[in-house]
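1. I would like to see how this sequence folds:
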Amino acid sequence: MRGARLYRSRVHADANEVEVVISRPAAPSRLVAELGRAIEGLWGLEETALMLGQMAASATQRFSVMTPFVDDDGAERIISLLQATRSCVERELIVRDGLPAALASKVCELKALNVAVYDFRIPRPDKPQNETFHAKVVRVDASECYAGSSNMTKWSFEYSLELGFHVKGAAAARVSQLLDAVMAVSARVSL
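-> Numbers count the residues shown, from 1 in each chain. Purely as a prediction, here's the structure:
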């Protein structure tokens, strides 16, 4: 038993580390009050905006944002996150239906940050629909990601309950592979 205890305390590491990430409605919020009662406060729940900022600052190789919806507030958030990365970091943005209007006004900033923009909207030859996405993902390097419900919109960050997970490890590496596949089949957006 001593050997098992030593292994668990000093050697074993889980394949994944997971944190719950939320954006909560602005005060006064009945939901936030109930969370305070139901789970004895908001401890253990990371704020989405803070987590994404920490992730951007920690990137050493790649930083990717995949979001289907962007408004003016979200465009500012995206630019701020990209600016928070180190200059040596490869920056990528995955959108759908071309560059969103809110980001079109930020083309100079995207160019200055050398952001590669991908449009994941693929026409289907057999149907009138397109392949596209609804996922919201932020990737750091190849083994850390946020996956959740937050769009890059003011509504998602200031008014809605949004829920996601910050993951490090094997599961995040799989998400990274998924993003690589998405970019491989996406059209590159000319800035």
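2. Just checking, which helix or strand of this structure averages the lowest pLDDT?
-> The helix or strand of the chain with the poorest confidence is helix 2-6; it has a mean of 61 (mean pLDDT, DSSP states H and E).
3. quick one: the helices in this structure?
-> Ranges of helices within the chain are 2-6, 30-38, 48-58, 72-83, 101-104, 107-112, 154-158, 170-185, based on DSSP state H.
4. can these go into a markdown table with extra columns for mean neighbour count and distance to R139?
-> In this view, the C-beta of every residue, glycine as well, is placed from N, C-alpha and C. What follows is the helices of the chain, written out as a markdown table (neighbours: other C-beta atoms under 10 Å; distance: least, C-beta to C-beta, whole Å):
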| stretch | mean neighbour count | distance to R139 |
| --- | --- | --- |
| helix 2-6 | 8 | 35 |
| helix 30-38 | 11 | 28 |
| helix 48-58 | 18 | 9 |
| helix 72-83 | 19 | 12 |
| helix 101-104 | 17 | 18 |
| helix 107-112 | 14 | 17 |
| helix 154-158 | 18 | 18 |
| helix 170-185 | 16 | 6 |
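5. for these, which one sits closest to N16?
-> Of all the helices of the chain, helix 170-185 sits nearest to N16, with 4.7 Å by C-beta to C-beta.
6. now that closest one: how far from the chain's centre is it?
-> On the basis of C-alpha atoms, centre = their mean, to the nearest Å, helix 170-185 is displaced by 13 Å from the centre of the chain it belongs to.
7. same check, this time on stretch 175-191
-> 15 Å.
8. One more: stretch 69-88?
-> The answer for stretch 69-88 is 11 Å, by C-alpha atoms, centre = their mean.
9. how near is the residue nearest to the spatial centre of the chain to D126?
-> The centroid of the chain falls nearest to V138 when counting by C-alpha atoms, centre = their mean (2.4 Å). Using C-beta to C-beta, to the nearest Å, V138 is found at 33 Å from D126.
10. If we ignore the residues flanking it in sequence, what's nearest A75?
-> Leaving aside its sequence neighbours, A75 sits nearest to A102 (C-beta to C-beta, 6 or more residues apart in numbering; 4.0 Å).
11. got it, and E17?
-> Of all residues not flanking E17 in the chain, K168 sits nearest, at 4.4 Å (C-beta to C-beta, 6+ apart).
12. Can you report how many residues neighbour the one you found?
-> Neighbourhood size, K168 [other C-beta atoms under 10 Å]: 18.
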